[in-house]
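Undergrad: Next comes the sequence, and after it the predicted model I'd like to discuss.
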Amino acid sequence: MSTPSPVDGREARIAPHPPAAARRRPAWHAATVAAVAPETPNARRIVLDVPTWPGNDPGQHLDLRLTAEDGYQASRSYSVASSGEGTTVTLAVDRVDGGEVSPFLVDAIEVGDALDVHGPLGGWFVWRPGESSRPVQLVAGGSGIVPLLPMVTAHARADDPAPFRLLYATRTPKDVFFRGELDDALRATAPLEVTHVHSRRAPEGSDVPAGRLTRDALERAVLPPDAGALVYVCGSTPFVEQVLRWLGELGHDVSDVRAERFGGA
Amino acid sequence: MATFTRGFGGRRDDRDDPRIPPGQTLVRDWPVLSAGATPDIAPADWSFSIRTESGLHTWTWDEVRALGIDDVTVDIHCVTHWTKLDMPWRGVPLDRLFAEVETSLDFCTVHSFGGYTTNVPLDELLDGQSWIAFEADGEPLTPEHGGPARLLVPHLYFWKSAKWVRGIVMQAEDEPGFWENAGYNMHGDPWKEERYW
């Protein structure tokens, strides 16, 4: 690395793309569970009815708070799988074994149950249709698809002409979230390519064997560095670190990549 | 006004510990949160600068460390609702750098390699409230956690403890940094739950 220039108010990397100011002021909202459905063997889709929800941009998140009868509360942050102006908010929650909140959401909460949400949150890991003509490369590991799905669906719904690509790594085909939504987006006219990588078990009849994502597979699946794509990467910390390292080695400008990580190093 | 969630009991481990601020949950691992790629910075390429009305003051890696490294044990609180208690750190108090700098400006924009910025008032960095940290949990800071050096301001939410820190620009006005521009609180006191705008 070259010697850094002296500190000044202008920075080389993140600063040329300042985060857009959050357009909707976050606030607490009362929510009611409107629907639940298994998403994968380990995850559940939870649709909330939030009458005062101001809408959210694709990629934003919220804080969800559960309150016990004696007033005890527990809060966690979850990405929102839906976007737009509506008052229906979709989450997809992966069960963290031994966790306090996610097992309750995945295994116990029922339609009609009440909780609170605070949001919408985050003005950085977002993509809005019509704001940029740059191609978009999405890379998801496991439940890291959740904030990326609304980008895909908003792109399809807006018939946005920007080329979209999604590389989605899961353990097995059964662990793929939002299969129906992804199929719908693939049938839309907005340009989208989806590549699945399965680390443990490939789909039946697939000529691609199961295996962890490799640098070669990443290179084949993602837009080339000279495409000038907006890149969003979301997954576990080790997954994101590995993908960013490889993208850098493949010549991508990783200073321009937006990343969201979950879990420890 | 909270809404009761039917059937939710909660686990309440450690929740009675008075060191855990409202809305936080104790973790034992150390989650990683960053907005972009992890930069790879060698100590030889690292330096720290403070810009004041009188100009730029710069210390090399060795010069900062020669100011004296303290051992501190602190609790850290992330705005994403986790708290880690009794974490051992090693670093140089910002007091020792500011002892060599004259400024009448009250506000700091902290800058990192990679372009991250965050704002902290100067009086919340001094008097033993912040460090340039090089080690945590007995090990040199890994790049994922901000190595080779990050700011440590444990009394504020942890996004203020900028990873890959490289300097401070002194200013007359408090100006929002990266997350403060994206909906997060200008101040970030975990005991007041100053999470968002």
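TA: Looks like it arrived, so ask away.
Undergrad: quick one: average pLDDT of stretch A:257-265?
TA: Computed over stretch A:257-265, the mean pLDDT rounds to 83.
Undergrad: Distance from it to the middle of the chain?
TA: Put simply, stretch A:257-265 sits 11 Å off its chain's centre (CA atoms, centre = their mean, to the nearest Å).
Undergrad: The host helix or strand of residue A:65 packs against which elements?
TA: Assessed by DSSP states H and E, residue A:65 sits inside strand A:61-67. Applying 3 or more CB pairs under 8 Å, 6 or more residues apart in numbering or on different chains; DSSP states H and E, we find strand A:61-67 packed against strand A:73-79, strand A:114-121. In short, each C-beta sits where N, CA and C put it, glycine included.
Undergrad: looking at those strands, which is buried most?
TA: Comparing the helices and strands packed on strand A:61-67 by mean neighbour count (mean count of other CB atoms under 10 Å in any protein chain shown), strand A:114-121 ranks first with a mean of 23.
Undergrad: Note down every partner strand of the next helix or strand after that strand and its orientation.
TA: Next helix or strand after strand A:114-121 toward the C-terminus (DSSP H and E): strand A:136-141. Strand A:136-141 sits in its sheet next to strand A:164-170 (parallel), strand A:230-236 (parallel), going by DSSP bridges.
Undergrad: Not counting sequence-adjacent ones, nearest residue to residue B:23?
TA: In this structure, residue B:23 finds its nearest non-sequential neighbour in residue A:75, 5.0 Å apart by CB to CB, 6 or more residues apart in numbering or on different chains.
Undergrad: Residue A:113 now?
TA: Using CB to CB, 6+ apart and skipping the chain neighbours, the partner closest in space to residue A:113 is residue A:33 (4.7 Å).
Undergrad: now the residue in the stretch 51-200 of chain A that chain B sits nearest to: how far from residue B:56?
TA: Nearest to chain B, among the residues of the stretch 51-200 of chain A, is residue A:123, at 3.6 Å (CB to the nearest CB). As judged by CB to CB, to the nearest Å, residue A:123 and residue B:56 stand 31 Å apart.
Undergrad: which one of the two has more residues nearby?
TA: Between residue A:123 and residue B:56, counting by other CB atoms under 10 Å in any protein chain shown, residue A:123 is the more crowded of the two (21 against 13).
Undergrad: could you list every residue that touches the residue nearest the centre of chain B?
TA: Most central in chain B under CA atoms, centre = their mean is residue B:161, positioned 1.1 Å from the mean C-alpha point. Neighbouring residues of residue B:161 by CB atoms under 8 Å, 6 or more residues apart in numbering or on different chains: B:76, B:133, B:146, B:150-154.
Undergrad: Against chain A, which of the residues you listed make the cut? List them.
TA: Among the contacts of residue B:161, no residue lies close to chain A (CB under 8 Å from any CB of the partner chain).
Undergrad: quick one: which of these is nearest residue A:219?
TA: The nearest member of these to residue A:219, counting by CB to CB, is residue B:146 at 29.0 Å.
Undergrad: follow-up on the earlier one: mind putting the strands paired with strand A:136-141 in a markdown table, mean pLDDT, distance to residue B:10 and mean neighbour count included?
TA: As requested, the strands paired with strand A:136-141 are exported to a markdown table (pLDDT from 0 to 100; distance: least, CB to CB, whole Å; neighbours: other CB atoms under 10 Å in any protein chain shown):
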| stretch | mean pLDDT | distance to residue B:10 | mean neighbour count |
| --- | --- | --- | --- |
| strand A:164-170 | 97 | 31 | 23 |
| strand A:230-236 | 96 | 25 | 24 |
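Undergrad: Does residue B:44 belong to a helix, a strand or coil?
TA: With DSSP: H, G, I helix; E, B strand; the rest coil as the basis, residue B:44 sits in helix.
Undergrad: tally of neighbours for the nearest residue to it once chain neighbours are set aside?
TA: Spatial nearest neighbour of residue B:44, chain neighbours left out: residue B:61 (6.9 Å); criterion: CB to CB, 6+ apart. Using other CB under 10 Å, residue B:61 is surrounded by 18 other residues.
Undergrad: Surely residue B:61 and residue B:47 touch.
TA: Yes - applying CB atoms under 8 Å as the test, residue B:61 and residue B:47 come out as touching, 6.9 Å apart.
Undergrad: Do a quick rundown of the strands in chain B.
TA: For chain B, applying DSSP state E gives strands covering B:25-26, B:47-52, B:55-60, B:70-77, B:82-93, B:107-112, B:117-121, B:131-136, B:139-140, B:150-152, B:165-171.
Undergrad: Any regions of chain B where pLDDT drops low?
TA: Counting by pLDDT under 70, chain B has low-confidence residues at B:1, B:13-15.
Undergrad: Can I get the strand holding residue A:65 in PDB, CA atoms only?
TA: Output of strand A:61-67 as PDB, limited to C-alpha atoms (Å, rounded to 0.1, in the frame of the first residue of the first chain):
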ATOM      1  CA  HIS A  61     -33.400  -3.300   8.100                       C
ATOM      2  CA  LEU A  62     -35.500  -2.900  11.300                       C
ATOM      3  CA  ASP A  63     -35.200  -3.600  15.000                       C
ATOM      4  CA  LEU A  64     -37.700  -6.100  16.200                       C
ATOM      5  CA  ARG A  65     -38.700  -6.000  19.900                       C
ATOM      6  CA  LEU A  66     -40.500  -8.700  21.900                       C
ATOM      7  CA  THR A  67     -42.000  -7.900  25.300                       C
END
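Undergrad: before we move on, back to that, what's the residue nearest to the centre of chain B sitting at in phi/psi?
TA: phi -90, psi 70 (degrees, to the nearest 10).
Undergrad: Parallel or antiparallel, which strands does the strand ranked longest in chain A pair with?
TA: In terms of residue count, the longest strand belonging to chain A (DSSP E) is strand A:27-40. Within its sheet, strand A:27-40 is paired with strand A:43-49 (antiparallel), strand A:114-121 (antiparallel), according to DSSP bridges.
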